[in-house]
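Enquirer: Return atomic coordinates for the entry below.
(chains A and B)
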Amino acid sequence: MEYIISGLQSALMLIINLDPEVTKVVTTSLKLSLTSTLLAALFGTPLGILFSKIDFKGKFVFNTVLNTLLSLPTVVLGLFVYSIISRRGLLGEWGLLFTMKGIIIGQVLLILPIVMALVRNAIHDIDEKMYKTAISMGATGTQQFRLLLSEARYGIIGALITGFGRVIGEVGISMMLGGNIKGYTRTITTAIAMETNKGRFSFGLALGIILLFIAFLINFIIYFYQIGESR
Amino acid sequence: MKNRRILVTGLLMLVMLVSFVFVGSAANAQERLILATTTSTENSGLLDVLLPPFEETFGVRVDVVSVGTGKAISIAENGDADVILVHARAAEDAFVEAGYGVNRRDVMYNDFIILGPASDPAGIKGMTDAGKALHKIAESKSPFVSRGDDSGTNKKELSIWASVGIEPSGRWYIETGQGMGASLNVANEKQAYILADRGTYLAYSGDIDLGIVVEGDPELFNPYGIIPVNPAVHNHVNYQMAMALVGYITSQQGQKIISEYTAYGKVLFHPSAIKPEDLK
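Expert: You can find the predicted model right below:
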């Protein structure tokens, strides 16, 4: 209980004083999660739409694999990417381990299945009749795509929020691929893990509170964006 | 409403774009040297005062990856670090022997201590022979917490068990597989004995009830060494800068910083690269 109260207090102090170390950690986390989410959206959204509209043999296998990837532990994915980008790995000469790019690769791979699956579900949920009408009226491929994109926009935004939430809160990938390097790849979550390990529980908790606050702010903005749109 | 929508969309895109550019540029802005080291050196705060003068003089950014000694060595073996600062002499020698590292130098030392609860169920308080003390812990089956993570501290603990011919196992022997701090907390909760480095213990002494029961055994001596990764094995490593760091840390300037560094009112590390009289 004591930790929670002192954690809240120090969180407030850190925010008010704009502690430079905390600011650095927060901006690193934001840069990483926004970039990863953007990239995952860029690839995941069209893939999800394509995938829900194209029928092929063995689609159920693909579906099941996609759903399975939703429960991929970050540490396993981290290990997998680690073995590829380590100097001894396939892409070793690119020197990606312990860099921001390394973390982004891992995070994009983590949420790509999430974005794809949720976009797929969102497309399934929209009115089939309208889509068929559009086709019968001779909509081109691009027009179909744009129609689906706009009809399923809430679902797609929801998919991105979920993906963002997953990357900003994950610690396994950032720790393994980034190395928790001070002033460079240290993120909010790896800092929390380290502070806890050092016994500075209230400081770790303070960082946790800041993370939740940021997530709240971002969701708040998106909520108003949706409200504004639905009027 | 429509205007606001466009505004928000534009803002979001801008933030993302900026973040993208940042990620791309910041990464390669400066020459970097990757130092893989143990949690005890980074957590003690020593590197925060030891490294900045070096970074400034040489215009290099030292990226510190702090993990257990075992993992630090394997990172270096894979060529993912340029230089390591670790504490496990036997493993260090094996690392150099196998050709992965060159030019190992002594840097500093501190010591390990055995901590235990005030009730002292094994009756070892005040002993100065670590091996005999662990023997009594095993005999009385008193709870003992082990790091179990292949760290330098874990390696030391296992070597002491081996020296008295005991293979610890059973319900009393608790392996956490975690760092020093987390393991100290487990030992504290379980009122168990534990082998710890003095620096981390001092950092925790305010939060835990465990006290020092065994210290002063030469066996508990804890030397740290620095080893650059062999450029003949991994030709991409920043060998020149790694050697510059070795030179700096073992120089009068570096050794002086180590000898003068205190935390919690105590000196944590004693320099060992040059003679004490040369420090002045």
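
Enquirer: Helix or strand for residue B:232, just tell me which one.
Expert: Per DSSP states H and E, residue B:232 falls between elements, in no helix or strand.

Enquirer: out of everything not next to it in sequence, what's closest to it?
Expert: residue B:99 (7.5 Å; C-beta to C-beta, 6 or more residues apart in numbering or on different chains). Placement of C-beta: from N, CA and C, glycine included.

Enquirer: For that neighbour, which residues are in contact?
Expert: B:230, B:232-233 (C-beta atoms under 8 Å, 6 or more residues apart in numbering or on different chains).

Enquirer: so where's chain A shaky on pLDDT?
Expert: A:1, A:229-231 (pLDDT under 70).

Enquirer: If we use 90, what do you get?
Expert: A:1-22, A:50-59, A:93, A:124-154, A:194-206, A:214, A:217-231 (pLDDT under 90).

Enquirer: what are the ranges of the helices in it?
Expert: Assignment of helices within chain A using DSSP state H yields the ranges A:2-17, A:20-53, A:59-69, A:74-85, A:100-125, A:128-136, A:141-151, A:153-169, A:172-173, A:188-198, A:201-230.

Enquirer: Of the ones you listed, flag the one that's most buried.
Expert: Stretch with highest mean neighbour count among these: helix A:172-173 (a mean of 24; mean count of other C-beta atoms under 10 Å in any protein chain shown).

Enquirer: Is chain B within reach of that helix?
Expert: No - judged by C-beta under 8 Å from any C-beta of the partner chain, helix A:172-173 makes no contact with chain B; its nearest approach is 14.2 Å.

Enquirer: what about residue B:79, which helix or strand?
Expert: Per DSSP H and E, there is no helix or strand for residue B:79.

Enquirer: follow-up on the earlier one: and residue B:51, which of the helices of chain A is closest to it?
Expert: In terms of C-beta to C-beta, the element of the helices of chain A nearest to residue B:51 is helix A:20-53, at 15.4 Å.

Enquirer: Check the gap between the closest residue to residue B:210 other than its chain neighbours and chain A for me.
Expert: Nearest non-adjacent residue to residue B:210, counting by C-beta to C-beta, 6+ apart: residue B:115, 4.2 Å away. Applying C-beta to the nearest C-beta, to the nearest Å, the value for residue B:115 to chain A is 14 Å.

Enquirer: quick one on the thing from earlier: pick the one among the contacts of residue B:99 closest to chain A.
Expert: residue B:233 (10.3 Å; C-beta to the nearest C-beta).

Enquirer: Selection in PyMOL covering whichever of the contacts of residue B:99 are buried, please.
Expert: A single PyMOL command is used to select the members of the contacts of residue B:99 judged buried by 16 or more other C-beta atoms under 10 Å in any protein chain shown:
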select buried, chain B and resi 230
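
Enquirer: Show me which residues of chain A sit near chain B.
Expert: Residues of chain A lying close to chain B (C-beta under 8 Å from any C-beta) are A:30-32, A:34-35, A:38, A:86-88, A:92-93, A:95, A:97-101, A:104, A:179-185, A:194, A:196-199, A:221, A:224-225, A:228-229, A:231.

Enquirer: ok, now which ones touch the closest residue to residue B:262 other than its chain neighbours?
Expert: The spatial neighbour of residue B:262 that comes closest, neighbours along the chain excluded (C-beta to C-beta, 6+ apart), is residue B:268 at 7.0 Å. Going by C-beta under 8 Å, 6+ apart, residue B:268 touches B:44, B:46, B:110, B:198-199, B:202, B:261-262.

Enquirer: Recalculate using a threshold of 10 Å.
Expert: By C-beta atoms under 10 Å, 6 or more residues apart in numbering or on different chains, the contact set of residue B:268 is B:40-41, B:44-46, B:108, B:110, B:197-200, B:202-203, B:258, B:261-262.

Enquirer: closest to chain A among the residues you listed?
Expert: For the contacts of residue B:268, the nearest to chain A is residue B:203 (6.4 Å; C-beta to the nearest C-beta).

Enquirer: how many neighbours does that closest one have?
Expert: For residue B:203, the count of nearby residues is 23 (other C-beta atoms under 10 Å in any protein chain shown).

Enquirer: any low-confidence regions in the stretch 1-150 of chain B?
Expert: B:1-30, B:39-45, B:68, B:149-150.

Enquirer: any idea how far stretch B:91-99 is from the chain center?
Expert: 18 Å (C-alpha atoms, centre = their mean, to the nearest Å).

Enquirer: in it, what counts as buried?
Expert: Result for stretch B:91-99 [16+ other C-beta under 10 Å]: buried residues B:91-92, B:95.

Enquirer: Dump those into JSON lines; add secondary structure as well.
Expert: Shown next, in JSON lines, are the buried residues of stretch B:91-99 (DSSP: H, G, I helix; E, B strand; the rest coil):
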{"residue": "B:91", "secondary structure": "helix"}
{"residue": "B:92", "secondary structure": "helix"}
{"residue": "B:95", "secondary structure": "helix"}
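
Enquirer: follow-up on the earlier one: mind listing what's buried along whichever strand or helix holds the residue nearest to residue B:210?
Expert: Using DSSP H and E, residue B:115 maps to strand B:105-116. By neighbour count on 16+ other C-beta under 10 Å, the buried set for strand B:105-116 is B:107-108, B:110-116.

Enquirer: Could you do stretch B:126-144 as well?
Expert: Under the neighbour-count criterion of 16+ other C-beta under 10 Å, stretch B:126-144 has B:127, B:130-131, B:133-135, B:137-138, B:142-144 buried.

Enquirer: now stretch B:160-174
Expert: So for stretch B:160-174, counting by 16+ other C-beta under 10 Å, buried means B:160-161, B:166, B:168, B:172-174.

Enquirer: ok, the closest residue to residue B:43 other than its chain neighbours - contacts?
Expert: Nearest residue to residue B:43, sequence neighbours excluded (C-beta to C-beta, 6+ apart): residue A:198, at 5.2 Å. Under the criterion of C-beta under 10 Å, 6+ apart, the neighbours of residue A:198 are A:204, B:39, B:42-45, B:179-182, B:200, B:203-204.

Enquirer: out of those, which is most surrounded?
Expert: Most surrounded of those: other C-beta under 10 Å gives residue B:180, at 31 neighbours.

Enquirer: which ones are touching the closest residue to that residue other than its chain neighbours?
Expert: What sits nearest to residue B:180 in space, not counting adjacent residues and going by C-beta to C-beta, 6+ apart, is residue B:200, at 4.4 Å. With contacts defined as C-beta under 10 Å, 6+ apart, residue B:200 is in contact with A:197-199, B:39-40, B:43-44, B:153, B:179-181, B:183-184, B:268.
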